[in-house]
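Asker: okay, predicted coordinates and the sequence, questions at the end:
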Amino acid sequence: MKKINIAVVGVGNCASSLIQGIHYYGPGMKNHAIGLMHWSIGGYEPNDIRVVAAFDIDKRKVGKDVNEAIFALPNCTTIFCKDLPESGVSVRMGKVLDGFSPHMKDYPDSHTFVLADAPEPSMDDVVKVLQESKTDILVNYLPVGSEKAVRFYAECALKAGAGFVNCMPVFIASDPKWAQRFQEAGIPIIGDDIKAQLGATITHRILANLFARRGVKIERTYQLNTGGNTDFLNMLNRERLASKKKSKTEAVQAVLPEPIEWENIHVGPSDYVPWQKDNKIAFIRIEGKLFGDVPMNLELRLSVEDSPNSAGVAIDAIRCCKLAMDRGESGIIEGPSAFFMKHPPRQYSDDEAYRMTEDFIKGISYVKAQRPENGEDALAA
């Protein structure tokens, strides 16, 4: 039977939802594949993904079986698949570098970060683990702002010959130099910064695109997000936010006929509210002008459980990455990167990215001439 061996870097809430989902969507759930593009992609079903290695730096996770560690504090996401069997894979101590923000030590135990006292691995150590575990794909779930740590693990993937799915906003796939290195190494990469199934950024993009399609002039807009998980706690350190804010802002700007001036657009994390836990609340406002320069505005409040909202997308991205490996494709996997990620190497409309990804899955080359002459699609209809 075909399997996909993955190594996970960062055993936080997102990894918890991903691993729960792998078990939840077993063979008996074939007719209940909520949140997945397809039950089977390239012959791989969700349950064909298996974790063969995991890295973290929190004392409460290092040394534990990964299926136990995903429920350890400070993880706080919804548990929708409990009583998981032992995986036989222990969480290994990872490389620290800038993988956490020092201010996270100053909060109560249920929210704080506790650095493990185990020895840190060298790059050769990590590469050896990836090779000996026969890892196909390295999935990056490190915290926002972990610039050095992400590059460390991207280098490990290159040396180990593992595909790379970059679920957070340190720009690897969208950096031409890194993209070229993966191309030359014959390894596929999908990134950067995963879009949720139905999250704040994808909703903001669709609404902004709708305004543009209907001829409404957007004058200003914001997206404010609050949450109570460690991702939001980490982002209280504003010095770690540059790539995240850039990723989210460019994702919205990309669907507009012309960019909005910087002072009239704000898209990004806003504050940490501990009691929200993994629930993310987004406030979106768009102000514009209709026919005759008549003003209008739209306000939306979106409440979602943050980590499960991206887990199905991650399962699809992992399967597309493995499908690319099976076909001998390398470098940027363009359609899936554009559809699954906020900051791909090249931005496409969501409809075009969807078509590109479907064509990739079917094994046919996407040609822009396939688009309808008048540019209409399901959203416009």
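Answerer: Received it, and whenever you're ready, just let me know what you need. Residues are numbered from 1 along each chain as shown.

Asker: so what touches the lowest-mean-pLDDT helix or strand in the chain?
Answerer: Lowest on mean pLDDT, DSSP states H and E among the helices and strands of the chain sits strand 265-272, with a mean of 90. For strand 265-272, the external contacting residues (C-beta atoms under 8 Å, 6 or more residues apart in numbering) are 201, 204, 220-228, 232-233, 235-236, 241, 244-245, 248-249, 251-253. In short, each C-beta sits where N, CA and C put it, glycine included.

Asker: strands - which of the residues you listed land there?
Answerer: Arg220, Thr221, Tyr222, Gln223, Leu224, Asn225, Thr226, Gly227 (DSSP state E).

Asker: now, of the residues you listed, which are buried?
Answerer: Buried by 16 or more other C-beta atoms under 10 Å: Thr221, Tyr222, Gln223, Leu224, Asn225, Thr226, Gly227, out of the ones in strands among the contacts of strand 265-272.

Asker: ok, which pair from the residues you listed is furthest apart?
Answerer: By the measure C-beta to C-beta, Thr221 and Gly227 form the most distant pair in these, at 20.3 Å.

Asker: geometric centre of this structure: which residue is closest?
Answerer: Ile194 (2.3 Å; C-alpha atoms, centre = their mean).

Asker: what about the nearest residue to Cys156 once chain neighbours are set aside, distance to Lys64?
Answerer: Excluding its sequence neighbours, the residue lying closest to Cys156 (C-beta to C-beta, 6 or more residues apart in numbering) is Val126, at 4.5 Å. If you measure Val126 against Lys64 using C-beta to C-beta, to the nearest Å, the figure is 19 Å.

Asker: more neighbours: which of the two?
Answerer: Val126 (26 against 17; other C-beta atoms under 10 Å).

Asker: surely the more buried one is within a strand?
Answerer: No. Read with DSSP: H, G, I helix; E, B strand; the rest coil, Val126 is helix and lies in no strand.

Asker: so it sits against Lys95, correct?
Answerer: Yes. Contact criterion C-beta atoms under 8 Å: Val126 and Lys95 qualify, at 7.2 Å.

Asker: find residues that contact each of those two.
Answerer: With C-beta under 8 Å, 6+ apart, Val126 and Lys95 have common neighbours Phe55, Tyr153.

Asker: for Ser303, list each beta-bridge partner.
Answerer: The partner list for Ser303 in beta bridges (DSSP bridges) reads Ile281.

Asker: quick check: it touching Lys280?
Answerer: Yes. Under the criterion of C-beta under 8 Å, Ser303 makes contact with Lys280 at 7.4 Å.

Asker: neighbour count winner among these two?
Answerer: Lys280 (25 against 9).

Asker: what about the more buried one, distance to Ile265?
Answerer: For Lys280, the distance to Ile265 equals 20 Å [C-beta to C-beta].

Asker: likewise Val170?
Answerer: From Val170 across to Ile265, the span is 22 Å (C-beta to C-beta).

Asker: of the two, who's got more company?
Answerer: Val170 (29 against 19).

Asker: residues in contact with that one?
Answerer: Neighbours of Val170 in contact, by C-beta under 8 Å, 6+ apart: Leu142, Ser146, Glu147, Val150, Arg151, Asp192, Ser243.

Asker: ok, how many other residues are close to the third one?
Answerer: Think Glu147. Counted with other C-beta under 10 Å, Glu147 comes out at 18.

Asker: just the fourth one next, same as before
Answerer: Other residues near Val150 number 28, with proximity taken as other C-beta under 10 Å.

Asker: and for the fifth one?
Answerer: Residues contacting Arg151 under the criterion other C-beta under 10 Å number 15.

Asker: can you tell me the element it falls in?
Answerer: Assigned by DSSP states H and E, Arg151 belongs to helix 147-160.

Asker: that helix: which residues count as buried?
Answerer: Glu147, Ala149, Val150, Phe152, Tyr153, Ala154, Cys156, Ala157, Leu158, Lys159, Ala160.

Asker: what's Val52 in contact with, if anything?
Answerer: Asn5, Ile6, Ala7, Val89, Ser133, Lys134, Thr135.

Asker: can you list phi and psi of it for me?
Answerer: Main-chain dihedrals, Val52, degrees, to the nearest 10: phi -110, psi -10.

Asker: what distance do you get for Arg151 to Val144?
Answerer: 15 Å.

Asker: with Ile190 instead?
Answerer: Ile190 is 18 Å from Val144, by C-beta to C-beta.

Asker: okay, the two: which has more neighbours?
Answerer: Using other C-beta under 10 Å as the criterion, Ile190 and Val144 rank with Ile190 on top: 31 against 23.

Asker: what's around Gly215, how many residues?
Answerer: The number of residues packed near Gly215 is 10, by other C-beta under 10 Å.

Asker: averaged pLDDT, stretch 328-338. What do you get?
Answerer: Regarding stretch 328-338, the rounded mean pLDDT is 97.

Asker: how about the CA coordinates for that stretch, as PDB?
Answerer: Provided in PDB are the C-alpha atoms of stretch 328-338 (Å, rounded to 0.1, in the frame of the first residue of the first chain):
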ATOM      1  CA  GLY A 328       9.700  13.400 -10.700                       C
ATOM      2  CA  GLU A 329       8.700  17.000 -10.500                       C
ATOM      3  CA  SER A 330      10.900  19.400  -8.600                       C
ATOM      4  CA  GLY A 331      11.200  23.000  -7.400                       C
ATOM      5  CA  ILE A 332       8.000  25.100  -6.900                       C
ATOM      6  CA  ILE A 333       4.800  23.200  -7.400                       C
ATOM      7  CA  GLU A 334       3.000  26.200  -8.800                       C
ATOM      8  CA  GLY A 335      -0.700  25.400  -8.700                       C
ATOM      9  CA  PRO A 336      -0.900  23.900  -5.200                       C
ATOM     10  CA  SER A 337       1.400  26.700  -3.900                       C
ATOM     11  CA  ALA A 338      -0.900  29.300  -5.300                       C
END
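
Asker: that concludes my questions; thank you for your assistance.
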